[in-house]
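Engineer: Dropping a prediction and its sequence here:
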Number of protein chains: 2
Amino acid sequence: MEKLKGMPSKDGFHMPGEFEPHQGCIMIWPKRPGSWAYGAKEARKAFAAIAGAIGRSEKVYMLAEAEEAEEAAAVLPENVQVVVMGSDDAWARDTGSTFVLNDQGEVRGIDWQFNAWGGLEDGLYMDWRKDNLVASRFCETMGYPLYDAQDFVLEGGSIHSDGEGTILVTEACLLSKGRNPHMTKEEIEEKLKGYLGAEKVIWLKRGIYNDETNEHVDNICAFIRPGEVVLAWTDDEKDPQYPLSLSCLEILEQERDAKGRKIKVHKLPIPKIPVRVTEEDLKGLDFEPGEDEREPGERLAASYVNFYFSNDGIILPQFGDENDKEAVKVLSQLCPERTVYPIDARSVILGGGNIHCITQQIPAGRKGDRI
Amino acid sequence: MEKLKGMPSKDGFHMPGEFEPHQGCIMIWPKRPGSWAYGAKEARKAFAAIAGAIGRSEKVYMLAEAEEAEEAAAVLPENVQVVVMGSDDAWARDTGSTFVLNDQGEVRGIDWQFNAWGGLEDGLYMDWRKDNLVASRFCETMGYPLYDAQDFVLEGGSIHSDGEGTILVTEACLLSKGRNPHMTKEEIEEKLKGYLGAEKVIWLKRGIYNDETNEHVDNICAFIRPGEVVLAWTDDEKDPQYPLSLSCLEILEQERDAKGRKIKVHKLPIPKIPVRVTEEDLKGLDFEPGEDEREPGERLAASYVNFYFSNDGIILPQFGDENDKEAVKVLSQLCPERTVYPIDARSVILGGGNIHCITQQIPAGRKGDRI
């Protein structure tokens, strides 16, 4: 497909907030043996439950390998559309296109370069060529024009937008050596503004402890509406997450957004007992040469901030932890207009991310044009 | 999905000519045992060749049953997108949505009622419920708004548009007892004008001899541009096709189109030796109770008019007949700006239609919006 050159911001496009209306959601049927244990058996149950919950209020496109399409269609709810497409793994947030919108309701994609979270420097697997094609193949299939951003390494999980000109990122990720080491922080900020139609970038320093994405922002802090965020939090000063969350809080308390507003921060607890990889988990995983491997007892970057806003709901990860209920409660109170759908996501975090990482929203376009 | 009420014409929409630019083309992977002999073996080769030729200049969406998706993806060219969707048979022209366009480049679908070419009166199979859902499922998947025309029985193959206000139909089909017997010819004409944004309907009387669709217009006569048609023709006065084609010619010579132009008619020969069902063909077919069956020796409604205009070409059926070359020659001369792709389509006509019947174009929308 012929890609658009130039910058979305110059064409009048910007990235809406995830809490704004969606046309649909992209997901990818999991299969990678080094991410999804025991033939992705449990992961597929979680993905199906997540797709079902999202499907209650928006279209879900489940991209599946040709040889998996039949099984996927058999276990997925009827309102989930299976589309045959190859990929290296199932992280639609990072490999699916980021979408931008203009005032006339036109929707376009951005085709970031994807290098498996760090390329040869500290990427998580060695061959990401199919993943790097997901955005363009999807946009071509669905008829969305696509901006060419293959000169810039970025993942959807490393940015959050308030839809009103503010972008949230972490330095740990965006300034990592494995992404755009030839660029200065200022140059990266200019790229973000140009592609996402933003005026202000808020740079948090760190994300969630031991997050192998180099600490994607979407695991630690998310806008719930303009001027308001939820922040992953622990009061336990001995927890390695404590200083990371504290530094975010300090920055957020000092910053103003693009509209000059102070930012209201709502704390969302992390799981009380860290979620860890078990020997049993490891037996079910099968790593390729060069693939990042897990260790028994390794702490996973489990966070309730890694939820997805669907049109009518919040699809919220649960870990079998005592804070599961608290997360439901906090988000129900913060977003009373939405239904919280709590879904057991231990099998997803074992893969290295969570519900937000395996979903990518497509904004609703012109009224009546995209339903 | 929520369907649009009202009439496309009132909203400023009309049906473009097939020779105008396309965003893509819908096809359906064949499987029905009563249509496609020997497990659709030969038919699938033809469908793949057709999809490949169309795919040279536009996106092809191949709708496939979940259990067929893997095989379809394996044998189809890479630029063909497999989408998992159920159906009763593979006639995308008749079960896919008809699309309309407005001056702003917005594209919408129309969801005609499909009743297997005649319902309980003389329909070709007994259960067409999945076929009747193809248009809405596809439009929902692709994000096209859809007009609700479920109160009107029509197939895409029974209409041709010149894109400038003229619609071509046959009385044999549109006034058949199995479609809208409660409506007068005038009422049907009003529906066509309202849905297709047309001012003039040209009523041919008949189509191709022994055409089980009640003589769809797309098998006998097609616009190649506004003011010009190709007409299936034989000079053999003893051929049962002769009076049918002659009556079309007489009507076309007298008629004017919506713009007041006389219509230039180009004759396209039918195959010299009628294509017939063989005993061998029949052995490979497996009819369901209530399904229309074929007879050995039965003459098939083979016609070169049943081609598809892709963005750069004409995908033209071939029957192993001595007139194959003549059809290529006539269309190459009439449309020198296009490439003619001749494709062996005997296995397709055995199913009851041809290349035009198994394809449905999606018009290109706003420049840059639909690629």
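Structural biologist: Thanks, I have the structure now. Quick caveat, the model's predicted, so the values are computed rather than measured. Residues are numbered from 1 along each chain as shown, chains lettered A, B, ... in the order given.
Engineer: what does chain A have sitting close to chain B?
Structural biologist: Counting by Cβ under 8 Å from any Cβ of the partner chain, the residues of chain A close to chain B are A:1-2, A:4, A:23-24, A:59, A:61, A:64, A:66-67, A:69-70, A:72-74, A:81-85, A:106, A:140-143, A:145, A:365-366, A:368-371. Placement of C-beta: from N, CA and C, glycine included.
Engineer: Can you say which of these are buried?
Structural biologist: Listed as buried from the residues of chain A next to chain B are A:4, A:23-24, A:59, A:61, A:64, A:66, A:69-70, A:72-73, A:81-85, A:106, A:140-143, A:145, A:365-366, A:369-371; burial here means 16 or more other Cβ atoms under 10 Å in any protein chain shown.
Engineer: about what we covered before: which of the residues of chain A next to chain B fall in strands?
Structural biologist: A:23-24, A:59, A:61, A:64, A:81-84 (DSSP state E).
Engineer: just the helices in the stretch 101-250 of chain A please.
Structural biologist: A:119-122, A:131-142, A:171-174, A:185-196, A:241-254 (DSSP state H, counting those that start in this stretch).
Engineer: As JSON lines, the ones you listed with distance to residue B:40 and mean pLDDT would be great.
Structural biologist: Below are the helices of the stretch 101-250 of chain A laid out as JSON lines (distance: least, Cβ to Cβ, whole Å; pLDDT from 0 to 100):
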{"stretch": "helix A:119-122", "distance to residue B:40": "45", "mean pLDDT": "94"}
{"stretch": "helix A:131-142", "distance to residue B:40": "24", "mean pLDDT": "96"}
{"stretch": "helix A:171-174", "distance to residue B:40": "50", "mean pLDDT": "98"}
{"stretch": "helix A:185-196", "distance to residue B:40": "46", "mean pLDDT": "98"}
{"stretch": "helix A:241-254", "distance to residue B:40": "58", "mean pLDDT": "98"}
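Engineer: what's the closest of the ones you listed to residue A:149?
Structural biologist: Closest of the helices of the stretch 101-250 of chain A to residue A:149 is helix A:185-196, at 6.0 Å (criterion: Cβ to Cβ).
Engineer: helices and strands around the closest one, which ones?
Structural biologist: strand A:98-101, strand A:146-153, strand A:166-170, helix A:171-174, strand A:200-204 (3 or more Cβ pairs under 8 Å, 6 or more residues apart in numbering or on different chains; DSSP states H and E).
Engineer: how about a cut-off of 7 Å?
Structural biologist: strand A:200-204 (3 or more Cβ pairs under 7 Å, 6 or more residues apart in numbering or on different chains; DSSP states H and E).
Engineer: quick one: contacts of the strand it packs on?
Structural biologist: A:165-171, A:189, A:192-193, A:217, A:221, A:248, A:251, A:255, A:257-258 (Cβ atoms under 7 Å, 6 or more residues apart in numbering or on different chains).
Engineer: Now do that strand: distance to the chain's middle.
Structural biologist: Its chain's average C-alpha position is 17 Å from that of strand A:200-204, according to Cα atoms, centre = their mean, to the nearest Å.
Engineer: Show the contacting residues for residue A:215.
Structural biologist: Here residue A:215 is in contact with A:170, A:172-173, A:206-208 (criterion: Cβ under 7 Å, 6+ apart).
Engineer: Residue A:1 versus residue A:357, what's the distance?
Structural biologist: 26 Å (Cβ to Cβ, to the nearest Å).
Engineer: Residue A:8 too?
Structural biologist: In terms of Cβ to Cβ, residue A:8 sits 17 Å off from residue A:1.
Engineer: One more: residue A:186?
Structural biologist: In terms of Cβ to Cβ, residue A:186 sits 32 Å off from residue A:1.
Engineer: repeat for residue A:190
Structural biologist: Computed as Cβ to Cβ, the residue A:190 to residue A:1 distance reads 26 Å.
Engineer: now do residue A:324
Structural biologist: 43 Å.
Engineer: same question, residue A:338
Structural biologist: 35 Å.
Engineer: Quick one: neighbours of residue A:306, just the number.
Structural biologist: 29 (other Cβ atoms under 10 Å in any protein chain shown).
Engineer: do the same with residue A:213
Structural biologist: 27.
Engineer: Looks like it contacts residue A:173 (just checking).
Structural biologist: Yes. Here residue A:213 reaches residue A:173: they are 6.5 Å apart, a contact under Cβ atoms under 7 Å.
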